[in-house]
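Undergrad: sequence-free structure coming up:
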């Protein structure tokens, strides 16, 4: 696994990891992918009182919208079509961000294959970007800008996809976790 950390003088930490996987064959694999993973995570596995309390101090829905808008604005500058959000994809992205924030899974793409299968949308390609940061005034912009500066994440953002889902979660230490899934519907 490759993990990049960028430290900003007493401002915060940003970490990124990106990966991709396709239905037929790998489209682009950057850092980590889990094509052979068989574990499944159920929504009931991600709730805890301390996690819910931490969530209440940050507007995760607003951060999700900010990521969505920034990614689509970037795609427009590249002459690419807008992505549409899908609630089933959002749900899987949120579960993964919640699992990373709570420590149930490491900051990674663990469970990517089962996550995509759980969406239950016929697809030709899928990829995922994840990030976390802490101490930034605009966490969403930090995550998106980090992805745009990384060739693997940028390839996912520029990819031939039409659907997306975004999930954001915050842990009790103030770290904000982002997951964006990209899907090309069959």
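TA: That came through, no problem. Here the structure is a predicted model, which is why all the values come from computation and not from measurement.
Undergrad: distance of residue 82 relative to residue 160?
TA: The gap separating residue 82 from residue 160 is 13 Å, by C-beta to C-beta, to the nearest Å. Every residue, glycine included, has its C-beta placed from N, CA and C.
Undergrad: actually residue 129, not the one I typed
TA: Using C-beta to C-beta, residue 129 is found at 15 Å from residue 160.
Undergrad: neighbour count for those two, which is higher?
TA: residue 129 (32 against 11; other C-beta atoms under 10 Å).
Undergrad: contact partners for that one?
TA: Residue 129 sits next to 16, 18, 147, 153, 156, 157, 178, 179, 180, 182 when contact means C-beta atoms under 8 Å, 6 or more residues apart in numbering.
Undergrad: okay, those residues in TSV with neighbour count and pLDDT next?
TA: Formatted as TSV, the contacts of residue 129 follow (neighbours: other C-beta atoms under 10 Å; pLDDT from 0 to 100):
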residue	neighbour count	pLDDT
16	26	52
18	29	53
147	24	97
153	28	97
156	24	97
157	26	98
178	29	98
179	31	98
180	30	98
182	25	98
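Undergrad: can you flag which of these belong to helices?
TA: 147, 153, 156, 157 (DSSP state H).
Undergrad: can you pick out the most distant pair from these?
TA: Across these, the longest distance by C-beta to C-beta is 7.8 Å; it joins 147 and 156.
Undergrad: looking at this structure, which helix is longest?
TA: When the chain is parsed with DSSP H, its longest helix is helix 60-77.
Undergrad: buried ones in that helix, by neighbour count?
TA: Neighbour counts over helix 60-77 (16 or more other C-beta atoms under 10 Å) mark 60, 63, 64, 66, 67, 68, 70, 71, 72, 74, 75 as buried.
Undergrad: which outside residues touch it?
TA: If you take C-beta under 8 Å, 6+ apart as the criterion, helix 60-77 is touched by 81-83, 85, 90, 138-141, 143-144, 148, 157-158, 164, 166-170, 176, 178, 180.
Undergrad: got a ChimeraX select line for the buried ones in those residues?
TA: Per 16+ other C-beta under 10 Å, the buried members of those correspond to this ChimeraX selection:
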select :83,85,90,139,140,143,144,157,164,166,167,168,169,170,176,178,180
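Undergrad: where does pLDDT dip in this structure?
TA: 1-57 (pLDDT under 70).
Undergrad: can you pull the contacts of residue 123?
TA: 23, 116, 183, 184, 185, 186.
Undergrad: try it again with 7 Å
TA: Neighbouring residues of residue 123 by C-beta atoms under 7 Å, 6 or more residues apart in numbering: 23, 183, 184, 185, 186.
Undergrad: out of these, the closest to residue 100 would be?
TA: Relative to residue 100, the closest of these is residue 183; by C-beta to C-beta it sits at 20.0 Å.
Undergrad: neighbours of the residue nearest to that closest one when sequence neighbours are not counted, how many?
TA: Leaving aside its chain neighbours, residue 183 sits nearest to residue 163 (4.2 Å; criterion: C-beta to C-beta, 6 or more residues apart in numbering). By other C-beta under 10 Å, the residues close to residue 163 number 19.
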